[in-house]
Each structure stands twice: as C-alpha cells, then as structure tokens.
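Asker: Below: sequence and its predicted model.
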Amino acid sequence: MSYEEKDGDFVLFKNNKRKSDKSPHWTGTINKDGQKFNFSMWEKTSKNGNQFFSGKIGEVYVPLRSNALAERERTRVQQTVTTLDDDVPW
C-alpha cells in the first residue's frame, strides 16, 4: 500500500547539509490545494528557554533532476540549436 498525500500533509527531512546558522534544520514539502510547496523549519529557543519550531512555506516545489537527466536535456537543447543554426541562410 503506497502513501497518498492529502491536502495539508507535509513531509520534512533533517537537513544534514546546513551551510550556516540561518539554514533550516528541516526541509521538505507541503501539499496545499493540490500543489506542492517547499517547506522549511527551524528549531529555536525562546527567551524563557522553551524550545519551539518556526517554519516557512516557500516557492512551488520543483523536484531536482538527476545529473544524467540534466545532461540528456542539455544535449537535446544543444542538438536543437545546432539544427537551427544549420537552417540559417547567412
């Protein structure tokens, strides 16, 4: 049985590649109105010493493509440009 995301569901993963103190501790996606959005969350401590989470919903989620897929796309675009260049009469 596969997992089906419903409206309002989100998935977060521990960010093991934080580049600075401002980078989120957790990153993932949230499903809202049939669209996926990037979702980031930080672990914080209040002035009173209470721990809490702070989050931000970002841009529409665009999955990263594998290097092989990106290289095939680059090759396809280059071939298209070369073909167009061959058709130019000057």
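Answerer: Looks like it arrived, so ask away.

Asker: Quick one: residues contacting the nearest residue to W42 once chain neighbours are set aside.
Answerer: In space, and not counting its chain neighbours, W42 is closest to S54: 4.8 Å by C-beta to C-beta, 6 or more residues apart in numbering. In short, each C-beta sits where N, CA and C put it, glycine included. Counting by C-beta atoms under 8 Å, 6 or more residues apart in numbering, S54 makes contact with 41-42, 44.

Asker: what's the closest of these to S20?
Answerer: Closest approach between the contacts of S54 and S20, by C-beta to C-beta: W42, at 11.9 Å.

Asker: Report whether the closest one is found in a helix, as I expect.
Answerer: No: W42 is assigned strand when assessed by DSSP: H, G, I helix; E, B strand; the rest coil, not a helix.

Asker: So for Y61, what's the nearest residue that isn't a sequence neighbour?
Answerer: Closest to Y61 by C-beta to C-beta, 6+ apart is K36, at 3.9 Å.
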